[in-house]
Structure formats: C-alpha cells, structure tokens
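In: Take a look and give me a structure for this.
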Amino acid sequence: MNAEDRWVALIDESADGDIYRIGALVMPAGQRRLLAADLDAVMDRAEVKYGIPASTELHGFEMFQGHGVWRDLKPWERIDVYGQALDAIAFRADALIFEAIYRPEFQRIYAGRGYNEHEAALMYTLERIHERAVSKQQACYVFADECRFAASVVRSLLHFQQFGTWGYRKKNLDRILKIEFVDSSKYRQIQAVDLVTYLKTRIDSDRDAQRPRVARANERLWKKVDGIVTRDRVWLDDRTGKTYRFEMHDGPRRGTRAEGWTLGLKPYRVA
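Out: Just a heads-up that it's a prediction; the model follows:
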C-alpha cells in the first residue's frame, strides 16, 4: 500500500451540557492539502470583502459569538464566511462522522470502573474511521487538536491496535496507522472539523430554539455538509426513549453534496 492509498481523518471535540461529542472528517490524503488551500482562499476573500485578516483562525464559537476579530463583522457577514468554509469542507471530505456520549447515563453505568467519556467517544470514532478505511481498502492517519488527553489517546490506540476495542463487537484497529496531535492555530483542517462539530452541537442543543431567525440560519448552514454525514450517534441518550439514536449510511446523499465548489475562482482539484 503506497502513500497515495492512505487516507486521513481529522478529529475535534465539542461539549454542551450533557453531551460530549467527537467529530471526524475523513478524506483521501491528497484532499487534506487542498482543503487547507480552499480555506485559505475563503479567508483571503474575507479579508478583501470584510477587512478581517486572512490569517484569522476559523473557530465555530468565536464566529458564532462575534468574539475577537470577528466582533466587527455583522452576523450575516460571519454567516457568509462560515458558509463558504462549509462549502469547501463538503467539497473535499469523503465522510463526516459524529460519535457522542450522553454523560449522565455513561457516568451511571461506568462509575468507578476507570472509563472516561473522552476515551469512549474516541474509541467509537476510531472504530468508524477504521471501518471507513476497510471499506475503501485504505489505511488512515488521524490528526487531532492538541489536548490534555494526548498521551492517554496514544496509549489507547496502541491497545486498540493490539488487543481490540471494548465490547462484544470489538475491533483491532489495524487500519489506523497513527494519531498525531497538532496546533489547530496552524492547521486549517483541524479548524474545519471544529466548525462542523461546533455547529452540530449547537443545533442539537436547541439553544437557539427561541430565536427562529438564528435557528433557520443554522439549518441553512448545516444543509451544506449534511450530505457527507455517514454516522451520527449519541450513545445511551435515554431522553429520547431509545437506547441508541443514530444515522448511518455509506457516502453522501445524492443531490446534497456541494458540486463544483468555487469562490469565483477555479477550484483546486486532485489531478
């Protein structure tokens, strides 16, 4: 298996009250570089159009709240930049995966047993990435934002590779080659997964339910990436009356993925 056969997965975390979520963008290795170039193009245009520095990081919370350099932009201007970034993500990514933990039930079941929600959500996410790699006959590198769990995550992956994951359907994650932790401020692709994971968590939280215009704007943004979602689960969320709540399908839904994404420029493409 040569380097061009390998894929990459980009992961980030988001939490809101009772839900802890990990999101992952999966794509061929060549698309990772092109996604960074596309997002740089988004910010180049934002600098010209709105006066925001092209070097500004793309982070969901700051863009939604208008914090930092985003405070001088009107809401519709921030939405415009956010939407262009999501268009680029949908154009480059093969799959968008979400695995989340409903904290109260997890703590009830695993109290005192040495498990934590981060490791559980990560394990489920890595299983889905592994399955995606198997289905594509690929091996996969995983990139994640630097965090306090880095050393634990590396140990966990080694265990999962050698002995398998937890549970009765445990998997040896031999298609995941390595996890590398990077500084998201220098890594547009991690900023990309932050955007989608934050938006997903915000919508699911219903925090904008009493603000119809905001809720509609959120849904319009979400439609840009909805077509690449292949997994969306909240583990043991008993508030819905169901043990599991998830969606899983193979590949983007027809008619929903961005086609020929461009910013008025010729889009970058893999030769």
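In: Against Glu77, how distant is the nearest residue in space to Asn172 that is not next to it in sequence?
Out: Closest residue to Asn172 apart from its sequence neighbours, by CB to CB, 6 or more residues apart in numbering: Gly164 at 4.8 Å. For the C-beta atoms, the positions are set from N, CA and C on the backbone; glycine is no exception. Using CB to CB, to the nearest Å, we find Gly164 at a distance of 49 Å from Glu77.
In: Between those two, point out the one with more neighbours.
Out: Higher neighbour count among Gly164 and Glu77: Glu77, with 17 against 14, using other CB atoms under 10 Å.
In: What strand or helix carries the more buried one?
Out: Assigned by DSSP states H and E, Glu77 belongs to helix 75-92.
In: Now the element after that helix, going C-ward?
Out: For helix 75-92, the following helix or strand on the C-terminal side (DSSP H and E) is strand 95-102.
In: for the stretch 51-200 of the chain, which spans come out with low pLDDT?
Out: Low-confidence segments of the stretch 51-200 of the chain (pLDDT under 70): 148-150, 167-168.
In: Do a quick rundown of the strands in it.
Out: Taking DSSP state E, counting those that start in this stretch as the test, the strands found in the stretch 51-200 of the chain are 95-102, 140-145, 176-182.
In: The shortest one - contacts with which helices or strands?
Out: What that stands for is strand 140-145. Contact analysis of strand 140-145 by 3 or more CB pairs under 8 Å, 6 or more residues apart in numbering; DSSP states H and E lists strand 7-16, helix 117-135, strand 176-182, helix 188-205 as its packing neighbours.
In: Mind putting those into TSV with mean neighbour count and distance to Ile101?
Out: Below are the helices and strands packed on strand 140-145 laid out as TSV (neighbours: other CB atoms under 10 Å; distance: least, CB to CB, whole Å):
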stretch	mean neighbour count	distance to Ile101
strand 7-16	23	9
helix 117-135	21	4
strand 176-182	16	19
helix 188-205	23	12
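In: Reformat these as CSV; add distance to Thr230.
Out: CSV is the format used below for the helices and strands packed on strand 140-145 (distance: least, CB to CB, whole Å):
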stretch, distance to Thr230
strand 7-16, 12
helix 117-135, 7
strand 176-182, 17
helix 188-205, 13
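In: Which of these sits closest to Asp226?
Out: Of all the helices and strands packed on strand 140-145, helix 188-205 sits nearest to Asp226, with 9.9 Å by CB to CB.
In: following the closest one, which helix or strand comes up?
Out: Past helix 188-205, the next helix or strand by DSSP H and E is helix 212-223.
In: Just the CA atoms of that next one, as PDB, please.
Out: Extracted C-alpha coordinates of helix 212-223, given in PDB (Å, rounded to 0.1, in the frame of the first residue of the first chain):
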ATOM      1  CA  PRO A 212     -36.200  31.400  14.900                       C
ATOM      2  CA  ARG A 213     -34.000  33.500  12.600                       C
ATOM      3  CA  VAL A 214     -30.900  32.200  14.100                       C
ATOM      4  CA  ALA A 215     -32.200  28.600  14.100                       C
ATOM      5  CA  ARG A 216     -33.100  28.900  10.400                       C
ATOM      6  CA  ALA A 217     -29.600  30.300   9.600                       C
ATOM      7  CA  ASN A 218     -28.100  27.300  11.500                       C
ATOM      8  CA  GLU A 219     -30.100  24.900   9.400                       C
ATOM      9  CA  ARG A 220     -29.100  26.600   6.200                       C
ATOM     10  CA  LEU A 221     -25.500  26.200   7.200                       C
ATOM     11  CA  TRP A 222     -26.000  22.600   8.200                       C
ATOM     12  CA  LYS A 223     -27.500  21.600   4.800                       C
END
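In: Appreciated, that's everything.
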